[in-house]
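S.K.: below: sequence and its predicted model.
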Amino acid sequence: QVQLVESGGELVTAGGSLRLSCAASGGTFENYAMGWFRQAPGKEREFVAAMRWSEDSIYYLDFVKGRFTISRDNVKNTVFLQMNSLKSEDTAVYYCAAASTTNYTPVLARQYDYWGQGTQVIVSS
């Protein structure tokens with residue numbers, strides 16, 4: 001059983017930056033693709049970014065391309081989401097997720113097996 005704990009969410013002014021972290025435990029980290037999703041009030045959960053255990057095959061939501069960067073530290077079992085040039089539309093609860101695969105990079109929520117509890121990001125305009 002994999003446990004995921006996100007951190008780093010907070011209130012930030014538009015144009016600012018945040019780095020979210022997700023610490024994983026209870027499994028072999030390299031065996032999992034890792035993703036970030038978000039859910040804004042009144043909206044469905046949406047894909048933000050994901051990557052496999054290696055740093056190839058990385059995908060982003062079009063709206064965040066060029067502003068967000070996903071990365072992972074396979075020694076520290078942690079995945080990061082660096083968010084720059086934040087916009088009010090980025091306000092949401094951000095969730096980390098893990099999928100039991102090394103063969104592809106999942107981009108759908110249903111492809112993920114484990115989820116964190118979420119961390120709140122609020123971008124004020």
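M.R.: All right, it came through fine.
S.K.: who's in contact with Asp73?
M.R.: Listed by CB atoms under 8 Å, 6 or more residues apart in numbering, the contact set of Asp73 reads Val79, Phe80. Every C-beta, even on glycine, is put in place using the N, C-alpha and C of the backbone.
S.K.: do you know how far it is from Ala109?
M.R.: 24 Å (CB to CB, to the nearest Å).
S.K.: any low-confidence regions in the chain?
M.R.: The chain contains no residues with pLDDT under 70.
S.K.: which stretches in it count as strands?
M.R.: 3-7, 11-13, 18-25, 33-39, 46-51, 59-60, 68-73, 78-83, 92-99, 114-115, 119-124 (DSSP state E).
S.K.: adding distance to Thr105, write those strands out as JSON lines.
M.R.: Converted to JSON lines, these look like this (distance: least, CB to CB, whole Å):
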{"stretch": "strand 3-7", "distance to Thr105": "17"}
{"stretch": "strand 11-13", "distance to Thr105": "28"}
{"stretch": "strand 18-25", "distance to Thr105": "16"}
{"stretch": "strand 33-39", "distance to Thr105": "5"}
{"stretch": "strand 46-51", "distance to Thr105": "5"}
{"stretch": "strand 59-60", "distance to Thr105": "6"}
{"stretch": "strand 68-73", "distance to Thr105": "10"}
{"stretch": "strand 78-83", "distance to Thr105": "13"}
{"stretch": "strand 92-99", "distance to Thr105": "9"}
{"stretch": "strand 114-115", "distance to Thr105": "16"}
{"stretch": "strand 119-124", "distance to Thr105": "22"}
